[in-house]
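Q: can you look at this prediction? I've put the sequence above it.
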Amino acid sequence: MITGSFPTTRLRRNRLDPWTRRMVAETTLSVDNLIWPIFVRAGEGEPTPVATMPGVVRVGLDRLARHVEDAARLGIPAIALFPATPADLKTAEGTEALNPENLICQAARLLKAEFPDLGLIGDVALDPYTDHGHDGVLRNGYVANDESVEILERQAVNQAQAGIDIIAPSDMMDGRIGSIRTALDAEGLIHTRIMSYAAKYASAFYGPFREALGSNAALKGDKKTYQMNPANSDEALREVAMDLDEGADMVMVKPGMPYLDIVRRVHETFHVPTFAYQVSGEYAMLASAMNLGLIDRERGILETLMGFRRAGASGVLTYFAVEAARLLRA
Ligand code: PBG
């Protein structure tokens with residue numbers, strides 16, 4: 001790298017005016033980089049607030065189109081749907097995941113009809129549907145890999161048939177990307193994309209999400225036998241390599257801000273579309289500090305999102321997506 005020395009070189013010159021700063025900016029952030037996660041609930045009426053995530057709500061199907069309207073109008077490319085399954089529909093095997101009339105399938109059909117140009121991402125994992133809160137089925141207290149994958153394949157086909165465009169397996173079972181790809185293809189769903197939660201860590205930052213879906217209270221133990229150890233980085237590259245080999249179209253790193261080094265390594269190693277999830281705990285942490293006036297809201301939102309882009313992310317799943325899109329369009 002060639003760097004002059006002071007006083008011939010003054011790096012502050014390029015920072016003097018807004019227009020110069022724009023000219024030399026190395027990274028861009030636009031609405032195209034935003035994905036908005038949404039919680040769908042049963043029942044009708046006003047959206048209900050998620051207590052642990054100030055500003056985030058669970059929305060019933062009757063208000064869903066209205067809820068999504070702004071995101072579509074602002075040009076957010078895709079939204080990610082998560083169901084708050086009623087407790088009486090949760091079972092040990094999570095069979096509601098396979099119901100063609102479950103919340104996600106109904107939401108997908110409704111939104112496809114209303115907003116044909118909006119991409120729909122469906123989370124594939126059993127935790128919103130199991131009474132024990134794990135992402136797969138339990139056998140002798142262990143989340144059984146291969147049996148869980150057999151169910152996840154069918155869950156993915158069920159969602160894709162309802163109109164989900166991108167299947168996003170978040171379960172961290174081994175081999176699920178290949179099995180899901182084969183199952184989708186066997187049903188002729190060759191255009192359904194797969195965004196793999198490839199490097200997903202066993203994180204404390206999912207707490208508010210589990211609260212939002214009601215999968216927290218029930219969760220027995222933790223998810224450390226399938227989600228990754230936060231100590232590992234090389235292992236993330238193996239996870240990503242395997243998922244790409246099995247047919248993933250895009251990969252994801254999750255959580256986001258504490259794992260930007262992983263985003264960068266994945267992007268630089270594979271040069272494939274790499275997404276990051278600024279998860280519920282990151283949102284809760286930022287939104288709380290912003291509500292207390294400790295961090296400027298607008299600048300804080302855009303700065304964290306720019307950080308993901310600088311690290312190499314193609315886009316970010318963020319609960320701030322609509323707010324960020326408004327700021328970027330202003
Ligand atoms: C479930 C899933 C989780 C999130 C997305 N999909 C939680 C978990 O693994 O326990 C977390 C998202 C967030 O915290 O915002 N498979």
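A: Received it, and whenever you're ready, just let me know what you need.

Q: please see if stretch 168-177 touches the ligand.
A: Yes. Stretch 168-177 comes into contact with the ligand (C-beta under 6 Å from any ligand atom), by way of 170-171. Where you see a C-beta, it was placed from the backbone N, CA and C, and this is true even at glycine.

Q: could you dump that stretch to PDB, C-alpha only?
A: Once non-C-alpha atoms are left out, stretch 168-177 reads as follows in PDB (Å, rounded to 0.1, in the frame of the first residue of the first chain):
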ATOM      1  CA  ALA A 168     -33.900 -20.500   4.900                       C
ATOM      2  CA  PRO A 169     -33.000 -23.600   7.000                       C
ATOM      3  CA  SER A 170     -32.000 -22.300  10.400                       C
ATOM      4  CA  ASP A 171     -31.800 -25.600  12.200                       C
ATOM      5  CA  MET A 172     -28.100 -26.500  11.800                       C
ATOM      6  CA  MET A 173     -28.700 -30.200  11.200                       C
ATOM      7  CA  ASP A 174     -26.000 -31.800   9.200                       C
ATOM      8  CA  GLY A 175     -26.800 -32.600   5.600                       C
ATOM      9  CA  ARG A 176     -30.100 -30.700   5.500                       C
ATOM     10  CA  ILE A 177     -29.300 -28.400   2.600                       C
END
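
Q: and the residue of the stretch 1-150 of the chain found nearest the ligand, how far is that from I151?
A: In the stretch 1-150 of the chain, the residue that lies nearest the ligand is A125 (3.6 Å; C-beta to the nearest ligand atom). Taking C-beta to C-beta, to the nearest Å as the measure, A125 falls 10 Å from I151.

Q: who touches both of those two?
A: G136 (C-beta atoms under 8 Å, 6 or more residues apart in numbering).

Q: neighbour count: these two, which is higher?
A: Applying other C-beta atoms under 10 Å to A125 and I151 shows that A125 carries more neighbours, namely 26 against 22.

Q: contacts only, for the more buried one.
A: The contact partners of A125, by C-beta under 8 Å, 6+ apart, come to 135-136, 152, 169-171.

Q: most neighbours among these, which one?
A: P169 (29 neighbours).

Q: surely that residue and G122 touch.
A: No. P169 is not in contact with G122 according to C-beta atoms under 8 Å; the separation is 9.6 Å.

Q: next, the buried residues of the longest helix belonging to the chain.
A: Counting by DSSP state H, the longest helix found in the chain is helix 145-161. Neighbour counts using 16 or more other C-beta atoms under 10 Å place 145, 148-149, 151-153, 155-161 of helix 145-161 among the buried residues.

Q: format these as TSV; extra columns: pLDDT and distance to A241.
A: Converted to TSV, those look like this (pLDDT from 0 to 100; distance: C-beta to C-beta, whole Å):
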residue	pLDDT	distance to A241
N145	98	19
S148	98	22
V149	98	19
I151	98	25
L152	98	20
E153	98	21
Q155	98	25
A156	98	21
V157	99	25
N158	98	28
Q159	98	26
A160	98	25
Q161	98	30
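
Q: can you list those in a markdown table and add distance to the ligand?
A: A markdown table is the format used below for those (distance: C-beta to the nearest ligand atom, whole Å):
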| residue | distance to the ligand |
| --- | --- |
| N145 | 15 |
| S148 | 12 |
| V149 | 14 |
| I151 | 13 |
| L152 | 11 |
| E153 | 16 |
| Q155 | 12 |
| A156 | 13 |
| V157 | 18 |
| N158 | 16 |
| Q159 | 14 |
| A160 | 18 |
| Q161 | 21 |
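
Q: low-confidence ranges, the stretch 201-330 of the chain, go.
A: Scanning the stretch 201-330 of the chain for pLDDT under 70 picks out 216-218.

Q: can you list the residues of it near the ligand?
A: 206, 209-210, 223, 279-280.

Q: now for those: which two are most distant?
A: Maximum pairwise distance in those, criterion C-beta to C-beta, is 14.7 Å, between K223 and S280.

Q: related to what we said a few turns ago, anything in contact with each of P169 and G122?
A: Common contacts of P169 and G122, defined by C-beta under 8 Å, 6+ apart, comprise A156.

Q: hang on, the earlier thing: who's more crowded, K223 and S280?
A: Counted by other C-beta under 10 Å, K223 and S280 do not tie: S280 has more neighbours, with 25 against 21.

Q: quick one: that one and P208 touch, right?
A: Yes. Under the criterion of C-beta under 8 Å, S280 makes contact with P208 at 3.8 Å.
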